[in-house]
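Peer 1: coords please:
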Amino acid sequence: MLSKEKVRKKFHLIRKRKYFSVDKNYFKPLIHLINRKKKKNLSLYYPSNYEVDTIKLFEALEEANRLLTSLPVISHNGTMKFVQWNLSDPLQVNTYGFLEPINQKKTISPDLFVVPLLAYDKFHNRLGYGKGYYDRFLKKHAKKKKNILTIGLAFSFQKYKKIPTSKHDVKLDYILTEKGIF
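Peer 2: Residues are numbered from 1 along each chain as shown. So this is what the prediction gives:
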């Protein structure tokens, strides 16, 4: 079995090579799930490094006009919080090279987390970038707020037979690809 780091490298290259744009249809199963589960406070991510582009999702959610959307903000000590953000709000590049909201005053407590990933498996394990920000936050947040959902956005070619895991890893509730949600 490959180590996490080797799987990470492999899928970073695969995603870069096979990346394609998605349209609003990609997000229909997710929007249906959000409505069915009555989620109102959503954490998304701003796309980078050939991740599934969430801009069309932000647009679709803004059309619904009844949900709070947020982006993650990573502090210098490695903790994460979620700040309310809409497409028209300005962004800045953080210390880690990711875009985050300039105005960080309106933190929210999401009940649905849309997370990026490099690879996933049929057991809903997610391989991220290796820093553990989402795993630490979700583990801590799940203890406080029981009714949260986690959804990884991916392309079907990012599926791996078995992601190497540790006790710190948090499984996702759902994975959304161009082939649907499972």
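
Peer 1: Going by C-alpha atoms from here, please, whenever you check contacts or count neighbours.
Peer 2: Will do.

Peer 1: What is the longest strand seen in the chain packed up against?
Peer 2: Counting residues, the longest strand found in the chain (DSSP state E) is strand 68-74. Judged by 3 or more CA pairs under 8 Å, 6 or more residues apart in numbering; DSSP states H and E, the packing partners of strand 68-74 are strand 41-43, strand 80-84, strand 99-101.

Peer 1: and the next helix or strand after the second one, what other elements does it pack with?
Peer 2: Scanning forward in sequence from strand 80-84 by DSSP states H and E, the next helix or strand is strand 91-93. The contact analysis (3+ CA pairs under 8 Å, 6+ apart) places strand 91-93 against strand 99-101.

Peer 1: Report the buried residues of the strand it packs on.
Peer 2: The neighbour-count criterion (16 or more other CA atoms under 10 Å) identifies 99-101 as the buried residues of strand 99-101.

Peer 1: I34: what secondary structure?
Peer 2: Recorded secondary structure, I34: helix (DSSP: H, G, I helix; E, B strand; the rest coil).

Peer 1: burial measure for it, as a count.
Peer 2: I34: 18 surrounding residues under other CA atoms under 10 Å.

Peer 1: Over to I108?
Peer 2: If you count neighbours by other CA under 10 Å, I108 ends up with 17.

Peer 1: Now I151. Its backbone dihedrals?
Peer 2: phi -130, psi 120 (degrees, to the nearest 10).
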